[in-house]
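[1] sequence first, predicted coordinates after that:
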Amino acid sequence: MRDNNDFLFNIKEVEKYDSGAKYHIEVEVPMSAWYDDMYFVVKDFNEFKLKHKENKDGKVYFEGDIELPTRALYSYYFSYFADGYPRIHKRESKVNNFITYYDYKISVNYDVPEWAYGEMMYHIFVDRFYRGSKEDMREMPRRIIHKSWNEELIIGPDKDNIWNNDFFGGDLKGIEEKLDYIQNLGCNILYLSPVVWSQSNHRYDTSDYENVDPYAGSNEDLKRLCDAAHKKGMKVVLDAVFNHTGNDSKYFDEYGSFGKDGAFNNAFGKYSNFYRKHFDNGKLYYDYWWGMPNLPVCDGYSKEWQEYILGKGGVIDKWFELGIDGLRLDVADELTDDFIEKIRLAVKRNKEDGFILGEVWKNPMRMNRGYISSGKGMDSVMNYPLIDALMRYFKYGDCEKLSYVIEDMKREYPEGTINTLMNFTSTHDISRPITVFGAPQEFSEYNEWAWDPNNKDHDYCKNFKLTEEEYKSGKEIYKAYMASLAFMPGILSIFYGDEVGVEGLGNLANRKPFPWSPEIDSVLNGSKKKKVHSMVMKPDTDLLEFTTRLGRVRTSESFLKRADINMLKINREQLMFERDNNDEKAIFVVNRTDSYQDIEIPKEYHDSEKIYSHNEANNNKIAPYGVLVLKKVKK
């Protein structure tokens, strides 16, 4: 039997050490029964019996001291006997009037940086954002330079079968110039796609970890950008690609571009042990990421590789010396737990509050890995499960998936991770949201992910464009989706251009140059909008204004940084959830349909402050794709 009435407890950390922490636990229950055997039960670890302390003022008190080793998450509950009957005390959750119970959670020695909690992030694909340098890009082997920012993307291999080697020239100076624009959206974290010297425009195929790519700028430019961001109270997170390098790198050097030391032609040279290899019939072969011949896989167990990246004076130290504040680990689930734990040590010796975010596409707590759960690895992950579920909800009315993804998060993730999950509008790897919602015929609910196009032919994706009617329809749904995401726990991440309606079907056509224009400046300074006729794509200033207003509300309501989420109602017509941080709470309602819907706001919110609304919305009725958020301060 469960008992959730008048059961009060307090857990206080009394001592902390490298391997764990000591806690004092106090329990208070009403003197309405005879209590025996009060236990603090830590699942999959131990049961701790609490001793009776005293009876006082109609209450019964128990207490005890326990020690727990370092770990990101322990699940616990209380068990006891009342008048001879066994009872347990757990948390209570109510969705659609159905009550469920689940364990409480505690993290031990797992401190996620405070500055990342509930922040807003701007994710920049550097080559396509903005060019600040006035100098022409110099010709380099196996690279194609676009002559104009408005040229079409090149999607597919060149004559030498090399992909992704066309460059527009977005650089670090350009990002520094646009810091005011980014911060005006509400974003205080910059997440930069890789900037180190690489062979492709996406730069996930490193050539030299120690130097910024010449087309992106220089090490000095990165330092200046970090300094400028810090002066504005912003943080910089850098994409870190440690699972593989490029084949055109000083480490592998298949083309002989960097001398004679590369592993490709020198199997026993200084860089050979950086790479994973195998022998077949006495012949040595290098391993390649997903069989791609331009991406030799690094050996995470190699002492030489670990020392180069993780050691004192190594790559991570050099990056932090330039001023960065955190790392996003590319394909984190393909790095070893040992390597990730050593990344954490390297990050923390440079900045105690350095942030580590991992690219993990599934629930990180179910991967039989320690990269979150151990408390010694990453702080958080990209929230692919939630984004997929939320897109499916708005596209197909899939209530079940969204409901269980949010409940899984609540039950299984550490609180620090939940509040720093990267909840993205989109990324460089998926279709743009305006395209996902505007072109339903291009996607299927039976695809693995909501953003996977049915037709992946590169020419088709490159040439695909929404009709005017599709864009208008998709934008209304996208606004409702973005507003829902903005009021959920975690980091709201905007992929460059999503705020102005950049389209893109698939994960190459989504990387168009940002459509800068005087119209954008007019939104920032409130002046009259100027007409622009020379752009390949005109920015959607209405969407920009929507995003900016949403960002201001989110950042002004600081209680959202740590507030729990409680699902109140979910059906094909509307989604209703609550955010609660004990002192303040808010209720969020969104209409996912194209017709007016009646809504029932709980009575406790009837006289509450309206902190946000989109389209027509009040306590009784909400317009198509409308949003209503009411806030209540607890007395």
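    Received, thanks. Residues are numbered from 1 along each chain as shown.
[2] find the centremost residue of the chain, please.
    Centroid check for the chain by C-alpha atoms, centre = their mean gives residue 422 as the closest residue, at 1.4 Å.
[3] just to check, that one is in contact with residue 381?
    Yes: with contact defined as C-beta atoms under 8 Å, residue 422 and residue 381 form a contacting pair (7.1 Å). C-beta: built from backbone N, CA, C; applies to glycine.
[4] common neighbours of the two, please.
    Between them, residue 422 and residue 381 have residue 357 as joint contacts when contacts are counted by C-beta atoms under 8 Å, 6 or more residues apart in numbering.
[5] coming back round to it: distance of the residue nearest to the centre of the chain from residue 568?
    Residue 422 sits 25 Å away from residue 568, taking C-beta to C-beta, to the nearest Å as the criterion.
[6] just residue 194 next, same as before
    Applying C-beta to C-beta to residue 194 and residue 568 gives a distance of 41 Å.
[7] higher neighbour count, the two?
    When residue 194 and residue 568 are compared for neighbours, residue 194 comes out ahead with 24 against 18, by other C-beta atoms under 10 Å.
[8] so where does the residue nearest to that one when sequence neighbours are not counted fall, helix or strand?
    Closest residue in space to residue 194, ignoring its immediate chain neighbours: residue 203 at 3.7 Å, by C-beta to C-beta, 6 or more residues apart in numbering. Secondary-structure assignment from DSSP states H and E places residue 203 in no helical or strand segment.
[9] is it correct that residue 203 is in contact with residue 209?
    No: with the criterion set as C-beta under 8 Å, residue 203 and residue 209 do not qualify as a contacting pair; they are 11.1 Å apart.
[10] these two: who's more crowded?
    Neighbour count, other C-beta under 10 Å: between residue 203 and residue 209, residue 203 has more, with 26 against 23.
[11] ramachandran angles for the more buried one?
    Recorded main-chain torsions at residue 203 are phi 70, psi 30, according to degrees, to the nearest 10.
[12] so what pLDDT did it get?
    Turning to residue 203, the model gives it a pLDDT of 98.
[13] over to the one 3 residues further on?
    On the pLDDT scale, residue 206 is placed at 98.
[14] list the contacts of it.
    194, 196-198, 241, 245-246, 249.
[15] repeat for residue 199
    For residue 199, the contact set (C-beta under 8 Å, 6+ apart) comprises 142, 165, 205, 207, 246-249, 294.
[16] do that again at 7 Å, thanks
    By C-beta atoms under 7 Å, 6 or more residues apart in numbering, the residues touching residue 199 are 142, 205, 207, 246, 248.
[17] distance check, it against residue 252.
    Counting by C-beta to C-beta, the separation of residue 199 from residue 252 is 10 Å.
[18] where do the helices sit along the stretch 301-450 of the chain?
    Remark: helices assigned in the stretch 301-450 of the chain by DSSP state H, counting those that start in this stretch are 303-310, 315-321, 337-350, 384-396, 399-412, 415-418, 433-438.
[19] residues near residue 355, how many?
    Other residues lying near residue 355 total 24 when counted by other C-beta under 10 Å.
[20] that one and residue 563, how far apart?
    In this structure, residue 355 and residue 563 are separated by 20 Å, where distance is defined by C-beta to C-beta.
[21] quick one: low-confidence ranges for the stretch 501-635 of the chain?
    In the predicted model, the stretch 501-635 of the chain carries pLDDT under 70 at residues 526-536, 635.
[22] look at residue 166 and report its pLDDT.
    Residue 166 is assigned a predicted lDDT (pLDDT) of 97.
[23] next, give phi and psi for it.
    As for residue 166, its main-chain torsions (degrees, to the nearest 10) stand at phi -100, psi 130.
[24] try residue 500
    Residue 500 has phi and psi values of phi -120, psi 10 when expressed as degrees, to the nearest 10.
[25] for the closest residue to it other than its chain neighbours, the count of nearby residues, please.
    In space, not counting the residues next to it along the chain, residue 500 is nearest to residue 539; the distance is 3.8 Å by C-beta to C-beta, 6+ apart. Other residues lying near residue 539 total 21 when counted by other C-beta under 10 Å.
[26] so who does residue 539 touch?
    Each residue near residue 539 by C-beta under 7 Å, 6+ apart is listed here: 500-501, 515, 517, 519-520.
[27] now it, what's its secondary structure?
    Under DSSP: H, G, I helix; E, B strand; the rest coil, residue 539 falls in the coil class.
[28] that one and residue 496, how far apart?
    The spacing between residue 539 and residue 496, counted by C-beta to C-beta, is 12 Å.
[29] could you do residue 340 as well?
    According to C-beta to C-beta, residue 340 and residue 496 sit 27 Å apart.
[30] one more: residue 64?
    Residue 64 sits at a distance of 52 Å from residue 496 (criterion: C-beta to C-beta).
[31] can you check residue 184 too?
    Noted for residue 184: a distance of 14 Å to residue 496, by C-beta to C-beta.
[32] who has more neighbours out of the two?
    Neighbours were tallied for residue 184 and for residue 496 using other C-beta under 10 Å; the higher tally belongs to residue 496 (28 against 17).
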